[in-house]
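> sequence and predicted structure are below.
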Amino acid sequence: MARAPQLPHWYTGADRKPTQLRPLGSDGRRHRISVIVPTRNEEANIRPVLEWTVPYADELLVVDGHSTDATREIAAQFGARVLLDNGRGKGDAIRVGIREATGDILVFIDADGSHDPRDIPALVQPIVDGLADHVSGSRMLGGSDELHATLHQFVRLMGSQIITLSVNYTQGVRLTDCQNGFRAIRREVALALDLREDITTIEQEMVIKTVRSGYRLVEVPTHEYVRANGESRFRVREVWLRYVRSWLYYLFLWRPPRRQALSNPATAVSRP
Ligand SMILES: Nc1nc2c(ncn2[C@@H]2O[C@H](COP(=O)(O)OP(=O)(O)O)[C@@H](O)[C@H]2O)c(=O)[nH]1
Ligand SMILES: [Mg+2]
């Protein structure tokens, strides 16, 4: 007999109260939040994630990687606009989401239960308050249940730390996590970054391009929970070369385009 799906820890644990999102900027502008959820065969995980995400989303986009299970049907039941990626990976899905979203603030959250939707206000608030253009959840500040247990996870953590250190030392910043999938970003900025990566390397692409373009990147602690059911498709041995190539390319060879309308991010945030 099939086992009943596990609920994510944050859903059942009574650790914290839900937090409120205040979408009204200091200039009186009401920001619109689009939450983008990349999915691939997440029928066992997606319900609690969407249930607790819906209250924060003016628009909910599920960008699906051609799931062969009921993921898309479940997403539609939660009122999500369901789109398909082009079959190239999670980065592809994120780029589709950025292109299709209509909100001025985009939030990315995984569908596997690794991220607690109640952290969404903490990610969005610095943008609403005009203090950041891009807010990344940090597993180093918030803790991770997925990065420490096995040798594979340890290798992944070490790689991620080396990349973060290199960004810090070359760019004069003090980041702790360049590869988390839980983040919020102004849509204008996400478009201006002209993202190209097809797989999870898009996370470090977003962070490095944000810093090198001079946009304001802020980190907030977000805890990473173990995926509620099933297994991650991430395999270090399959993707490490793509990670190394994109890391070195965006950090040393890529040239940030001249910023035009966005040259004063503070003004851009408060524009009606
Ligand atoms: N649309 C889409 N989503 C994907 C793809 N691969 C993974 N995802 C989703 O991206 C999120 C993170 O994937 P996961 O396998 O947990 O990787 P990890 O968290 O980096 O170990 C989950 O919500 C997945 O369902 C893909 O090819 N297309
Ligand atoms: Mg995961």
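Cool, the structure landed. Keep in mind the model is a prediction, meaning the values are calculated, not measured. Ligands and ions are numbered 1, 2, ... in the order given.
> switch to C-alpha atoms for all contacts and neighbour counts from now on
OK.
> next one: the nearest residue to H223 once chain neighbours are set aside, what pLDDT does it get?
Nearest residue to H223, sequence neighbours excluded (Cα to Cα, 6 or more residues apart in numbering): G142, at 4.4 Å. The model reports G142 with a pLDDT of 94.
> am I right that L83 sits in a helix?
No. Read with DSSP: H, G, I helix; E, B strand; the rest coil, L83 is strand and lies in no helix.
> for it, give me its contacts.
61-64 (Cα atoms under 8 Å, 6 or more residues apart in numbering).
> quick one: which of those has the most company?
Tallying neighbours with other Cα atoms under 10 Å puts V63 at the head of the contacts of L83, with 28 neighbours.
> and the helix ranked longest in the chain, which residues are buried?
Longest helix in the chain, counting residues (DSSP state H): helix 151-171. Neighbour counts over helix 151-171 (16 or more other Cα atoms under 10 Å) mark 156-157, 160-161, 163-165, 167-168 as buried.
> do the same with stretch 246-256
Quick answer for stretch 246-256 (16+ other Cα under 10 Å): 246-247, 250-251, 256.
> again with stretch 138-155
138-140, 144, 146-147.
> equivalent analysis for stretch 208-221, please.
208-213, 215-221.
> H223: neighbouring residues, count only.
Using other Cα under 10 Å, H223 has 22 other residues around it.
> from what I see, it and S136 are in contact.
No. The criterion here is Cα atoms under 8 Å, and H223 misses it with S136 at 11.9 Å.
> up against ligand 1, what does the stretch 51-200 of the chain have?
Selection of the stretch 51-200 of the chain residues close to ligand 1 by Cα under 6 Å from any ligand atom yields 63-65, 85, 88-90, 93, 110-112.
> do stretch 231-247 and ligand 1 meet?
Yes. Shown here: stretch 231-247 in contact with ligand 1 (Cα under 6 Å from any ligand atom) through 232-234.
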